[in-house]
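A.B. asks: could you look at this predicted model? Sequence included:
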Amino acid sequence: MLDYSHNYLFVLASLTIALIAGFSGLSLTQGASQMSPPVRKIVVSVASVILGSGIWSMHFVAMLGLELPVAYYFDPLVTLISALTAILFMGLALLIVHFGTRTRAKIMLAGVIMGSGIAAMHYIGMSGMELCVPSYTVPQVAMAFAASIALSMASFQVSYGRRSARNIVMGTFGFGIAVFAVHFIAMAGTGFSLAEEQTTFVPPMSRGVLAFGVTLSAFVLSGSFLLSGATFATRLGGQGGGAAKAPEDQAEAPSAAALNGRQSSEASAEQASSGVATPKPDAQAERRIPYESDARTHFISPDNVSAIRAEGHYTVLYSGNAKLFCPWSISEAEARTGADIFIRTHRSYLVNLDHVTSFERKKDNGVCYFDDTPALPKVPVSRSRLAEVRARLGM
């Protein structure tokens, strides 16, 4: 067996690449589940490429830092297959959590798929080495897969248990550490020996060519990181500082009040087919809330919305069995609907107290329950807003 070591500058660079890719992919998908299916597919596809490329780039940046006493090369076809493997596995994992109802079981399944993809990509990439043959035992491979799956499940649980800014950042570190740790756990159980003869008819890829490819990938990931970071900062600003109304929003408000009877009946029919509660006769048209469905903008009376939840820079409306995507931020929804209908119970929730059927006190916070809203049966009440909510409920 050959002695080997790692250049620690490349080790640090590989961790940085993993973190950059993790943040870019996870922040890009924030709010994707509320987008229209065609747009969601595009976002998930791009995020899959970013995360998968990040896994591949991290691995080969670390491999560039592998110092062996002999020269070694890589099979270009196997190297390409390893990259596609990482992208496909990440794509499947993201499809699971961004299409259909997101449950804990689906989040865990996505983590298992991601972990399997990371480990599979590592060993496929290692099998492409030429002139120098890696070797490992079945228990060593099993340990690497087990560590990869466990770390990936933890990362997905943090990232998708709740899609807040804090969880995105924590999930970024979880993703980066998972990819980084799996590589070096696997390498710790790997030995290297000289190959007796060339095993491929494909011209080998030198470390210089590999470095060129990895550098190009790292450049693209860095660009994605800058764009995602700018968008992420904008979302934080929109949620924290109150939403200023855009000119288009101001222009739409009067037109909403002037909708004719035919448009109102179409919106009512859409609500009925979606399981939305039937509008009340005294609903105020000028305060109707927009939501997107079937490539059209529809409107619903605030009286028929039980709660509004923040989802990135947008919101989700809960009415009966329906979950509706609203283009307003939580701050804009609070400003437009008025305090006489909704009350902020939590930084991420607005609640229509007319739909609250029961309230439960839990130490220093509380919970509001909705019997008429299966889509969202309960909403948390934070400690700072507990007194106001109890007063509005007449308690």
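C.D. replies: Happy to help now that I have it.
A.B. asks: okay, buried residues for stretch 315-327 please.
C.D. replies: Along stretch 315-327, the positions that meet the burial threshold by neighbour count (16 or more other C-beta atoms under 10 Å) are T315, V316, L317, Y318, S319, G320, A322, K323, L324, F325, C326, P327. C-beta: built from backbone N, CA, C; applies to glycine.
A.B. asks: make a markdown table from the residues you listed and add secondary structure to it.
C.D. replies: Below are these laid out as a markdown table (DSSP: H, G, I helix; E, B strand; the rest coil):
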| residue | secondary structure |
| --- | --- |
| T315 | strand |
| V316 | strand |
| L317 | strand |
| Y318 | strand |
| S319 | strand |
| G320 | coil |
| A322 | strand |
| K323 | strand |
| L324 | strand |
| F325 | strand |
| C326 | strand |
| P327 | coil |
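A.B. asks: can you pick out the most distant pair from these?
C.D. replies: Taking C-beta to C-beta as the measure, the buried residues of stretch 315-327 span a maximum distance of 20.7 Å, between G320 and P327.
A.B. asks: give the residue spans of the protein that score low on pLDDT.
C.D. replies: By pLDDT under 70, the weakly predicted segments of the chain are 1, 197-286.
A.B. asks: that older thread, show me which of the buried residues of stretch 315-327 is closest to K378.
C.D. replies: The closest of these to K378 turns out to be Y318 (C-beta to C-beta; 10.9 Å).
A.B. asks: how about the contacts made by that closest one?
C.D. replies: For Y318, the residues meeting the contact criterion (C-beta atoms under 8 Å, 6 or more residues apart in numbering) are V305, S306, A307, I308, R309, L324, F370, T373, A375, L376.
A.B. asks: show me the contacts for L94.
C.D. replies: T29, V44, A47, S48, L51, A110.
A.B. asks: okay if I get the residues you listed as TSV plus neighbour count, secondary structure and distance to A18?
C.D. replies: Formatted as TSV, the contacts of L94 follow (neighbours: other C-beta atoms under 10 Å; DSSP: H, G, I helix; E, B strand; the rest coil; distance: C-beta to C-beta, whole Å):
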residue	neighbour count	secondary structure	distance to A18
T29	26	coil	17
V44	24	helix	20
A47	25	helix	15
S48	22	helix	16
L51	30	helix	10
A110	26	helix	18
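A.B. asks: closest one of those to M143?
C.D. replies: Using C-beta to C-beta, the shortest approach to M143 within those belongs to A110, at 22.0 Å.
A.B. asks: skip the chain neighbours and tell me the closest residue to the closest one.
C.D. replies: If the residues on either side of it in the chain are set aside, A110 comes closest to A93, at 4.1 Å by C-beta to C-beta, 6 or more residues apart in numbering.
A.B. asks: quick revisit: quick one: which two of the contacts of Y318 are the most distant?
C.D. replies: The most widely separated members of the contacts of Y318 are L324 and F370, with 15.3 Å between them, by C-beta to C-beta.
A.B. asks: next one: H298 from E292, what distance?
C.D. replies: Using C-beta to C-beta, to the nearest Å, one gets 8 Å for the distance from H298 to E292.
A.B. asks: ugh, wrong one, I meant N352
C.D. replies: Distance of N352 to E292, given as C-beta to C-beta: 21 Å.
A.B. asks: more neighbours: which of those two?
C.D. replies: Using other C-beta atoms under 10 Å as the criterion, N352 and E292 rank with N352 on top: 22 against 16.
A.B. asks: mind listing what's buried in stretch 152-164?
C.D. replies: Of the residues in stretch 152-164, those scored as buried under the neighbour-count criterion (16+ other C-beta under 10 Å) are S152, M153, A154, S155, F156, Q157, V158, S159, Y160, R163, S164.
A.B. asks: can you list the residues that contact it?
C.D. replies: The list of residues contacting stretch 152-164 from outside it, by C-beta under 8 Å, 6+ apart, reads 26, 30-31, 93, 97, 102, 104, 107-108, 110-112, 114-115, 118, 167-168, 170-171, 174-175, 177-178, 311-312, 348.
A.B. asks: what domains does the record give for this protein?
C.D. replies: Structural domains of the chain, as assigned by automatic domain parsing, span the residue ranges 5-240, 247-392.
A.B. asks: tell me the most buried of these?
C.D. replies: Across these, the average number of neighbours (mean count of other C-beta atoms under 10 Å) peaks for domain 5-240, which reaches a mean of 19.
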